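K.L.:
Here is a sequence together with a model predicted from it:
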Amino acid sequence: MGITYFMELEEQDDPTIMQHFFSLLSADKQQQISGMRFEMDRKLRICADVLVRYKACEMLKADNRDLMFARNEHGKPFLPDQPTFHFNISHTRNALVVCISDIPVGIDIEKMNAADPAAARKVFTGHEIAYIFRDDKDDCLRFNEIWTKKESYLKWTGEGWSTELAGTDVLCEPLAAHISTKRINQYTISLCSESQNKEFKIDRININELYKFYKYYF
């Protein structure tokens with residue numbers, strides 16, 4: 001299933017580094033990110049995109065200026081000329097994950113949220129709801145597990161929420177075998193792919209390490 005990178009950002013991270021990263025992005029992406037309201041959201045998007053670009057340059061022996069990203073009909077980004085290079089990005093409050101693989105993948109990260117029965121009734125199946133609220137102990141963990149599993153599946157398929165997809169049970173086979181979940185501190189991360197390998201490796205990386213790659217590859 002490839003490799004997954006996890007990064008946490010801080011409000012006080014060096015803005016000069018972020019400026020260097022920002023310069024690597026396409027004009028369209030720079031405009032999109034500049035329009036985002038919150039600085040942390042801008043930082044997360046910039047770092048996630050630079051991490052994808054770094055891995056593409058490393059693995060494909062490519063120049064960053066030659067990377068031409070596109071989106072499918074559902075908005076999922078990909079590299080049109082590289083059918084064996086797949087990636088997916090997700091970010092939440094102060095953290096991001098990027099998965100790089102040779103097969104299509106979907107990944108989601110969420111910072112721990114309280115279990116929300118109203119939200120669960122809108123998008124989870126009865127089986128999933130029963131699993132989450134079977135008791136009061138750890139229901140928030142199970143809520144975030146199901147939420148990220150569902151999101152990772154939708155991102156793998158490249159489709160958005162719909163009544164039919166909301167009714168898809170991520171705890172039932174055969175789909176359950178294709179989704180794995182891990183936790184890092186207060187974050188829940190789920191990964192979905194066609195592989196049935198229930199384990200996936202997570203490499204932790206910080207902004208200074210990414211900057212070292214920036215100076216080497218760009």
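P.N.:
On my side now, so go ahead.

K.L.:
how near is Asn72 to Asp108?
P.N.:
18 Å (Cβ to Cβ, to the nearest Å). For glycine as for every other residue, the C-beta is placed from the backbone atoms N, C-alpha and C.

K.L.:
repeat for Phe78
P.N.:
Relative to Asp108, and taking Cβ to Cβ, Phe78 is found at 18 Å.

K.L.:
Looking only at neighbour counts, state which of those two leads.
P.N.:
Neighbour count, other Cβ atoms under 10 Å: between Phe78 and Asp108, Asp108 has more, with 28 against 17.

K.L.:
which residues sit in contact with the more buried one?
P.N.:
90, 147-149, 151-152, 155, 189-190 (Cβ atoms under 8 Å, 6 or more residues apart in numbering).

K.L.:
Kindly report the same for Ser101.
P.N.:
By Cβ under 8 Å, 6+ apart, Ser101 lies in contact with 1-3, 86-87, 193.

K.L.:
pLDDT score for the closest residue to it other than its chain neighbours?
P.N.:
Closest residue to Ser101 apart from its sequence neighbours, by Cβ to Cβ, 6 or more residues apart in numbering: Gly2 at 3.0 Å. At Gly2, the predicted lDDT confidence score is 82.

K.L.:
repeat for Ile189
P.N.:
Looking at Ile189, its pLDDT stands at 97.

K.L.:
Look at it and give its secondary structure.
P.N.:
strand (DSSP: H, G, I helix; E, B strand; the rest coil).

K.L.:
Next one: it from Leu79, what distance?
P.N.:
With Cβ to Cβ as the criterion, Ile189 and Leu79 are 23 Å apart.

K.L.:
Distance check, the most centrally placed residue in the chain against Gly126.
P.N.:
The residue lying closest to the centre of the chain (Cα atoms, centre = their mean) is Ser90, at 2.5 Å. Distance, Ser90 to Gly126, using Cβ to Cβ: 27 Å.

K.L.:
Please enumerate the strands of the protein.
P.N.:
Secondary structure of the chain, counting by DSSP state E: strands at 3-8, 70-71, 77-78, 86-92, 95-101, 105-111, 179-184, 187-193, 202-204.

K.L.:
neighbours of Asn208, just the number please.
P.N.:
Asn208, neighbours per other Cβ under 10 Å, totals 10.
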